[in-house]
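[1] Following is a predicted model, sequence given first.
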Amino acid sequence: MQEFEPRIVAFLCNWCTYTGADLAGTSRLQYPPNIRIVRLMCTGAVDTIYVLKALIEGADGVLIGGCHPGDCHYQTGNYKARRRITILKKILNRFGYDEDRIWLRWISASEGKLFADTTAQMVEELKDKGPNPIKQLWMV
Amino acid sequence: MDGLDGVQRMKSTIIKVENKDTLRSLRKFLGRLMESKFVEALLVPKLLPGGDGFVQSLIKDSRMLEDANPIAPTMAVQSARILSELTSSPFDGRIGVVLKPCELRAAVEMVKFLQVNLDNVVTIGVDCPGTYEVGDYAEMVKKDRELSPQAFLEGASEGEIRPRQGYNFRECCQICEYPVPLNGDITIGLLGLDHSKEILLMAGGRFEKELAQKFSLELKEGNSANREKVIEKVTHKRREQRVKVIDELKERVNIIEKFMQTLSTCIRCHNCMNVCPICYCKECVFKSLVFEHRSEQFLNWADRRGAIRMPGDTLIFHLTRMSHMATSCVGCGMCDSACPSDLPISSLFGLIGSELQEMFEYVPGRDAAEEPPVSVFKEDELQAEAGSE
């Protein structure tokens, strides 16, 4: 049987994590091809509906990557993202949905290696979890 | 009880009730507010011409107070929404608004989101023993034409509030922990008082002095011990019921399939959103082109899953709405009353809301100066919860 390859939708901030992903590429670091990147200006622009849409449409995991606390290009976007993502995780957890399919990570523009390692680790963990259960349900 | 701090800060006086007619004395007080020009107009529930219900009405002529009922046992609309319209642009004079505790809390939340402006508004919060569905009240009147509005205050003095025989309070009222207003400019107290003889009038903050002078009221510090006891009794009972209802619901929705099962009869009418005082966005994503899908999109979805429910977007709608505003949910239950499929929306928001509000140590509507959790942050928080350390 073919091994399950998780699909990850990543919302990355333009200034830190997206640039970090770029650095991973230009440094020729290998990272898994399971990830589909959406570039945003800031994690503060990630509405919970984006994350939910990705999960309901069939992503097995969602990665939100932004600047480290204190380093946000817009001062406070990542702090707001942290509250929003926490709220979403609490809600999903209450309804028995595995909140660990959502990863919020701070990866700076210089941390290409961290980006490659994070995505590799996320793919591994999602492989253990198996496919997103919402993917197959017709009642959504 | 930290939630009731506002009550303690107010000064109070007793208004004597004449001829055991509580309602008449309340109207008289409201009439005095108008005639003295303390307020130019009053927003207050008024009996419908058919006698089988109430609507909020904006009264300019004090003679129209004749059928006003500040203790109306129904809540046809959430007055915070009305206030949002009513205070959307500058106006002269002051408007007095009679609000139930949950309406007042919603109005305070709306001030924070810049949807309500209370600068020229005198909020008059009234104790609430609980409300009935509009249809239930109409039926009560049909059965008993002589039904006295004061009958709905039965048990309020001892804290033994029971619904009328054969009926029940709206579900959200059965589990409401806030039977008294938290922070009105004026509060009309009924719990713990012999309302056939007296009503408690409380005033706090910005209008306290003016009220005392204009109406020669002797406002005193403190709250009566009996009232405190009765409030605690009512609150305690409702809190117990709340824990019971929410614990049961928790079990019913503890896996995502069961949660979806609970929402399975949703017809996506958006009523819950339309009546919600907290869901205020004028341009809502669910009413936008984003959710007008192309024909091929539907077929693709059906192809991928074998079948899809129609209309769809149920799960994303409810989860998104929850994540957007459960932190500010005041539990008024208008969503329940508006739901044609009898979904337990209000209890679901109660379940999620209390968890989130506790996490942020936030009580919606407690204080206009408190920032809503979604618009502020602390530098050092939630590392573990967000999984971002």
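    Yep, it's here. Numbers count the residues shown, from 1 in each chain, chains lettered A, B, ... in the order given.
[2] can you list the weak-confidence ranges in the chain?
    With no chain named, the answer covers chain A. Across chain A, the ranges flagged by pLDDT under 70 are A:1.
[3] hm, I was asking about chain B
    Checking chain B against pLDDT under 70 turns up B:1-9, B:389.
[4] Could you tell me the phi and psi values at residue A:37?
    phi -90, psi 130 (degrees, to the nearest 10).
[5] ok, it to residue A:24 distance?
    11 Å (C-beta to C-beta, to the nearest Å). (C-beta placed from N, C-alpha, C; glycine too.)
[6] now swap in residue B:224 and tell me
    Where residue A:24 is concerned, residue B:224 sits at a distance of 69 Å (C-beta to C-beta).
[7] So for those two, which residue has more residues nearby?
    Just comparing residue B:224 and residue A:24: by other C-beta atoms under 10 Å in any protein chain shown the higher neighbour count belongs to residue A:24, 22 against 14.
[8] residue contacts, the more buried one?
    A:31, A:112-113, A:115-116 (C-beta atoms under 8 Å, 6 or more residues apart in numbering or on different chains).
[9] what about it, helix or strand, and which?
    Assigned by DSSP states H and E, residue A:24 belongs to helix A:17-26.
[10] ok, now residue A:116?
    helix A:112-129.
[11] can you put the contacts of residue A:24 in TSV and add neighbour count and distance to residue B:99?
    What follows is the contacts of residue A:24, written out as TSV (neighbours: other C-beta atoms under 10 Å in any protein chain shown; distance: C-beta to C-beta, whole Å):
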residue	neighbour count	distance to residue B:99
A:31	18	56
A:112	22	57
A:113	15	58
A:115	30	52
A:116	21	57
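[12] Distance to residue B:375 added to the residues you listed, as a markdown table?
    Formatted as a markdown table, those follow (distance: C-beta to C-beta, whole Å):
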| residue | distance to residue B:375 |
| --- | --- |
| A:31 | 35 |
| A:112 | 34 |
| A:113 | 35 |
| A:115 | 30 |
| A:116 | 35 |
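[13] Return the set of buried residues in the helix holding residue A:24.
    A:17-24 (16 or more other C-beta atoms under 10 Å in any protein chain shown).
[14] for stretch B:276-295, same thing?
    For stretch B:276-295, burial by neighbour count (16+ other C-beta under 10 Å) applies to B:276-280, B:286.
[15] Stretch B:47-61 now?
    Those would be B:47, B:52-54, B:56-57, B:59, for stretch B:47-61 by 16+ other C-beta under 10 Å.
[16] May I ask which two of the buried residues of stretch B:276-295 are separated the most?
    Pairwise distances across the buried residues of stretch B:276-295 (C-beta to C-beta) peak at 17.2 Å, for the pair B:277 and B:286.
[17] what's the closest of the contacts of residue A:24 to residue B:22?
    After measuring these against residue B:22 - C-beta to C-beta - the closest member comes out as residue A:115, at 68.7 Å.
[18] Can you classify residue A:38 by secondary structure?
    Three-state call for residue A:38 (DSSP: H, G, I helix; E, B strand; the rest coil): strand.
[19] ok, so what distance separates the nearest residue to it once chain neighbours are set aside from chain B?
    The shortest distance from residue A:38 to any non-neighbouring residue, by C-beta to C-beta, 6 or more residues apart in numbering or on different chains, is to residue A:11 (5.2 Å). Noted for residue A:11: a distance of 14 Å to chain B, by C-beta to the nearest C-beta, to the nearest Å.
[20] beta partners for residue A:11?
    Note on residue A:11: beta-bridge partners residue A:38, residue A:64, judged by DSSP bridges.
[21] Would you confirm that it contacts residue A:50?
    Yes - with contact defined as C-beta atoms under 8 Å, residue A:11 and residue A:50 form a contacting pair (6.3 Å).
[22] Who has more neighbours out of these two?
    Taking neighbours as other C-beta under 10 Å, residue A:11 and residue A:50 compare with residue A:11 leading, 24 against 17.
[23] show me what contacts the more buried one?
    Contacts of residue A:11 (C-beta under 8 Å, 6+ apart): A:38, A:40, A:43, A:46, A:50-51, A:62-65.
[24] let's see it at 7 Å
    For residue A:11, the contact set (C-beta atoms under 7 Å, 6 or more residues apart in numbering or on different chains) comprises A:38, A:40, A:46, A:50, A:64.
[25] Restrict those residues to the buried ones and give me that as a ChimeraX selection.
    To isolate the buried ones among the contacts of residue A:11 in ChimeraX, judged by 16+ other C-beta under 10 Å, type:
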select /A:40,46,50,64
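[26] Switch the contacts of residue A:11 over to JSON lines; also include distance to residue B:338.
    JSON lines is the format used below for these (distance: C-beta to C-beta, whole Å):
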{"residue": "A:38", "distance to residue B:338": "35"}
{"residue": "A:40", "distance to residue B:338": "35"}
{"residue": "A:46", "distance to residue B:338": "30"}
{"residue": "A:50", "distance to residue B:338": "28"}
{"residue": "A:64", "distance to residue B:338": "34"}
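[27] what's the closest of the contacts of residue A:11 to chain B?
    Chain B lies nearest to residue A:64 out of the contacts of residue A:11, by C-beta to the nearest C-beta, at 8.8 Å.
[28] With adjacent residues omitted, what lies nearest to residue B:20?
    residue B:196 (4.2 Å).
[29] Quick check: end-to-end length of stretch B:94-110?
    19 Å (C-alpha to C-alpha, to the nearest Å).
[30] surely residue B:272 meets residue B:337?
    No - Residue B:272 is beyond contact range of residue B:337, at 9.6 Å (criterion: C-beta atoms under 7 Å).
[31] Stretch B:253-271: which residues count as buried?
    For stretch B:253-271, by 16+ other C-beta under 10 Å, it's B:253, B:256, B:259-260, B:262-263, B:266, B:268, B:270-271.
[32] what's the most distant pair in the residues you listed?
    Among the buried residues of stretch B:253-271, B:256 and B:271 lie farthest apart (C-beta to C-beta), at 23.8 Å.
[33] ok, for the residue sitting nearest the centre point of chain A, nearest residue in space, not its chain neighbours?
    The residue lying closest to the centre of chain A (C-alpha atoms, centre = their mean) is residue A:63, at 0.3 Å. Distances taken as C-beta to C-beta, 6+ apart put residue A:10 closest to residue A:63, at 4.1 Å, once the chain neighbours are dropped.
[34] and residue B:26, that one's in a strand?
    No - read with three-state DSSP, residue B:26 is helix and lies in no strand.
[35] which residues does it contact?
    Taking C-beta under 7 Å, 6+ apart, we find residue B:26 in contact with B:70, B:188, B:199.
[36] For the residues you listed, could you give me a markdown table that also reports distance to residue A:133, secondary structure and neighbour count?
    What follows is the contacts of residue B:26, written out as a markdown table (distance: C-beta to C-beta, whole Å; DSSP: H, G, I helix; E, B strand; the rest coil; neighbours: other C-beta atoms under 10 Å in any protein chain shown):
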| residue | distance to residue A:133 | secondary structure | neighbour count |
| --- | --- | --- | --- |
| B:70 | 51 | coil | 23 |
| B:188 | 52 | strand | 22 |
| B:199 | 56 | strand | 21 |
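[37] and of the residues you listed, the nearest to residue B:122?
    For the contacts of residue B:26, the closest approach to residue B:122 (C-beta to C-beta) belongs to residue B:188, at 12.4 Å.
[38] how about the nearest residue to that closest one, chain neighbours excluded?
    Nearest to residue B:188 is residue B:126, by C-beta to C-beta, 6+ apart, at 4.6 Å.
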